[in-house]
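Enquirer: predicted structure and sequence below. I'll ask about it afterward.
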Amino acid sequence: MTSPIAVPSTLDTRSPPANRARIWREPALANAELLRAAYRTHQFPPHAHDEYAIGFIERGAQAYTRGRKERLIMPVGKICVINPGQLHEGRGATEVGWDYRMIYIPPEGLAMVLAGSEPVSARDLPFFAESVIDDPETLQALHAAHLCSESSDASQLEKASRLIYALRQLMTRHGQGMPRAQLPRAEPGAVRRAREFIDASVAANPSLDDIARAAAMSPFHLLREFKKAIGVPPHAYLVQRRVDKARRLLLKGHAPRLVAIEVGYSDQAHFSREFRRFYGVPPSTAIR
């Protein structure tokens, strides 16, 4: 199920007038989230996704860091894949920034593509050793599926079919079994307790002392161990979880003013600033 849509193969030096982004859910496939964005000045803070992040550049190039040290360039004509839980950050590789499209699909959604209704364990989920993949045919399929999802003329059947075809081809050609070194590790008990407390207290604005008490360790020790295990300090993790929860609520149609309150912000302006840090635009622009 390929498409004649041409993917740009050369760098377009024309820059967009401003950062632009749109996010939507795809009910045809496990409520995956899709993003189309044009960034000139945006820079992502260090963060990780619960989902697989799969996409491609349409104009320009993106520079990003995977983990704490691995520096990569994502050019036009290549596929980008970030595994769930992999810490990363991103920015434009040139002054003209980049345009790109992304698919965020939860592990259980990808398991459905992989095995239908049969249960799939974490060990059986695909792992992508390479973040930058050169596969023009699969890129065409992903591009066609993304455009189809955005189209108001396409049926749910076509949207699901194109997405499943493209994702299964990507997994078949480039996924591998989860290496033992990459299997989810048991976090130190204190860090696990701290994460669980933050996840349950997103709207409560917990203090460092609150989190440290829940983790049963000193605040200083918690700061050191949490960042070593998670990659970001507790306050940055809290912000990311707030924005993640807010995005999901917005995609369900909740009003931004009420979402801001529900995820713990004192006012909508503060929420909008934090959302912009992750998506380059305010929520009213990204989700319509």
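Expert: Sure, I can see it.
Enquirer: what lies in contact with the worst-scoring helix or strand of the chain on mean pLDDT?
Expert: Here the helix or strand of the chain ranked lowest by mean pLDDT, DSSP states H and E is strand 176-177, holding a mean of 77. Here strand 176-177 makes contact (Cβ atoms under 8 Å, 6 or more residues apart in numbering) with 123-124, 126-129. For the C-beta atoms, the positions are set from N, CA and C on the backbone; glycine is no exception.
Enquirer: please redo it, this time with the cut-off set to 7 Å
Expert: 126-127, 129 (Cβ atoms under 7 Å, 6 or more residues apart in numbering).
Enquirer: bridging residues for residue 25?
Expert: Residue 25 has the following beta-bridge partners by DSSP bridges: residue 33.
Enquirer: looks to me like residue 49 is in a helix.
Expert: No. Looking at residue 49 with DSSP: H, G, I helix; E, B strand; the rest coil, it is coil, so not inside a helix.
Enquirer: contact partners for it?
Expert: By Cβ under 7 Å, 6+ apart, the neighbours of residue 49 are 82, 84, 104.
Enquirer: can you report phi and psi for it?
Expert: Residue 49 adopts backbone torsions of phi -110, psi 150, taken as degrees, to the nearest 10.
Enquirer: got any ranges where the protein has weak pLDDT?
Expert: Applying pLDDT under 70 to the chain flags the ranges 1-17, 68, 115-123, 178-187.
Enquirer: of the contacts of residue 49, which belong to strands?
Expert: If you go by DSSP state E, the contacts of residue 49 have 82, 104 in strands.
Enquirer: what is the nearest of the contacts of residue 49 to residue 35?
Expert: Nearest to residue 35 among the contacts of residue 49 is residue 104, at 7.2 Å by Cβ to Cβ.
Enquirer: that closest one against residue 32, yeah?
Expert: Yes. Contact criterion Cβ atoms under 7 Å: residue 104 and residue 32 qualify, at 6.3 Å.
Enquirer: care to break this structure down by domain?
Expert: 20-182, 189-286 (automatic domain parsing).
Enquirer: returning to that earlier point: which among the contacts of residue 49 end up buried?
Expert: Neighbour-count burial (16 or more other Cβ atoms under 10 Å) is assigned, among the contacts of residue 49, to 82, 84, 104.
Enquirer: give the contact list for the last one.
Expert: By Cβ under 7 Å, 6+ apart, the residues touching residue 104 are 32-33, 49, 51, 53.
Enquirer: now that we have the contacts of strand 176-177, which of them are buried?
Expert: Listed as buried from these are 126-127; burial here means 16+ other Cβ under 10 Å.
Enquirer: roughly how far does residue 85 sit from residue 97?
Expert: Per Cβ to Cβ, to the nearest Å, residue 85 is found 27 Å from residue 97.
Enquirer: how about the helices in the stretch 1-150 of the chain?
Expert: Along the stretch 1-150 of the chain, the stretches classed as helices by DSSP state H, counting those that start in this stretch are 107-115, 136-150.
Enquirer: one step back: higher neighbour count, residue 85 and residue 97?
Expert: residue 97 (23 against 14; other Cβ atoms under 10 Å).
Enquirer: can you tell me how far that one is from residue 156?
Expert: Separation of residue 97 from residue 156 (Cβ to Cβ) stands at 33 Å.
Enquirer: do the same with residue 67
Expert: As judged by Cβ to Cβ, residue 67 and residue 156 stand 37 Å apart.
Enquirer: thought residue 243 was touching residue 278?
Expert: Yes. With contact defined as Cβ under 7 Å, residue 243 counts as touching residue 278 (5.2 Å).
Enquirer: ok, now which ones touch residue 242?
Expert: 202, 263-264, 274.
Enquirer: if we use 6 Å, what do you get?
Expert: By Cβ atoms under 6 Å, 6 or more residues apart in numbering, residue 242 lies in contact with 202, 263.
Enquirer: that one: which element?
Expert: helix 234-251 (DSSP states H and E).
Enquirer: quick check: closest non-adjacent residue to the residue of the chain most remote from its centre.
Expert: Here the chain reaches farthest from its C-alpha mean at residue 218, the gap being 32.0 Å by Cα atoms, centre = their mean. Nearest residue to residue 218, sequence neighbours excluded (Cβ to Cβ, 6 or more residues apart in numbering): residue 212, at 6.3 Å.
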